[in-house]
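Below is the structure, and that's it, no one-letter string:
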């Protein structure tokens, strides 16, 4: 997660063509003339806010469409573990590739949405079967959180400063490291991570992670805005949209986990 956010701070050179300096000579002219360096600017090849919004909508449509497949399979008695786990793995691979090859985002982002949708549909069906109504609540909580963050950012109530960015990235790194270590240790030992179960500490950890995930939305908004201002290449629309979708998927999963912990205490 943090890898894909840190790459967004890089500067990308424009792919617009340039006219190189040339010298023209003639027997009738004793002095050479120089053609000055010029740049051809094509607005259609620049990142725009409307373009990024459209790309984000496309990714969500793809994600929702593919999630219906594993959701339908689950509630028709089919085993969804393979497409669910496979979708998560392939989605992660595409995210990593995109982090190093952002220019390939127009192809990687739709692929990510497709495979991540399989994962989301399968995991949502599993939670829904155990805790009826949890998916609607998690979707609603994610949407409300997104709209609140959008309003706070749009009206400049929350401003993304360098200190803000550093704290959020550091916290995100800490969470990712904790999850990774807990997963590895639990695979080879009988250790049960503290964030499992429905204890108050476990619930508190989920609340903290949700807050950090929500704060990452501000980083996504800021990165998209700066990309537009800096007239980054068109492919960065897909890259920015992909980053926002990744954050919202993470937020949704964390809401599912929190709501399941609260439901299991009843």
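Good, I have the coordinates. Just so you know, these numbers come straight off a predicted model, no measurement behind them.

Return the residues in contact with the nearest residue to residue 68 once chain neighbours are set aside.
If the residues on either side of it in the chain are set aside, residue 68 comes closest to residue 121, at 6.3 Å by Cβ to Cβ, 6 or more residues apart in numbering. No exception for glycine: its C-beta is placed from N, CA and C like everyone else's. Going by Cβ atoms under 8 Å, 6 or more residues apart in numbering, residue 121 touches 66, 67, 68, 69, 70, 71, 74, 80, 84.

One more: residue 139?
residue 252 are the contacts of residue 139 under Cβ under 8 Å, 6+ apart.

heads up, I number from 442, so please use that
All right, first residue 442 from here; so that's residue 580.

can you pull the pLDDT of it?
What the model reports for residue 580 is a pLDDT of 98.

host element of it?
helix 575-595 (DSSP states H and E).

buried sites along that helix?
Of the residues in helix 575-595, 575, 576, 578, 579, 582, 583, 586, 587, 590, 593, 594 count as buried by neighbour count, 16 or more other Cβ atoms under 10 Å.

biggest separation within those residues, which pair?
575 and 594 (28.3 Å; Cβ to Cβ).

Can you show me the strands along the chain?
459-460, 463-467, 470-476, 479-480 (DSSP state E).

In JSON lines: the contacts of residue 562, plus distance to residue 493, pLDDT and neighbour count.
Converted to JSON lines, the contacts of residue 562 look like this (distance: Cβ to Cβ, whole Å; pLDDT from 0 to 100; neighbours: other Cβ atoms under 10 Å):
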{"residue": "507", "distance to residue 493": "21", "pLDDT": "98", "neighbour count": "21"}
{"residue": "508", "distance to residue 493": "22", "pLDDT": "98", "neighbour count": "23"}
{"residue": "509", "distance to residue 493": "25", "pLDDT": "98", "neighbour count": "12"}
{"residue": "510", "distance to residue 493": "27", "pLDDT": "97", "neighbour count": "17"}
{"residue": "511", "distance to residue 493": "28", "pLDDT": "97", "neighbour count": "26"}
{"residue": "512", "distance to residue 493": "28", "pLDDT": "98", "neighbour count": "22"}
{"residue": "515", "distance to residue 493": "33", "pLDDT": "96", "neighbour count": "22"}
{"residue": "521", "distance to residue 493": "32", "pLDDT": "95", "neighbour count": "23"}
{"residue": "525", "distance to residue 493": "29", "pLDDT": "97", "neighbour count": "22"}
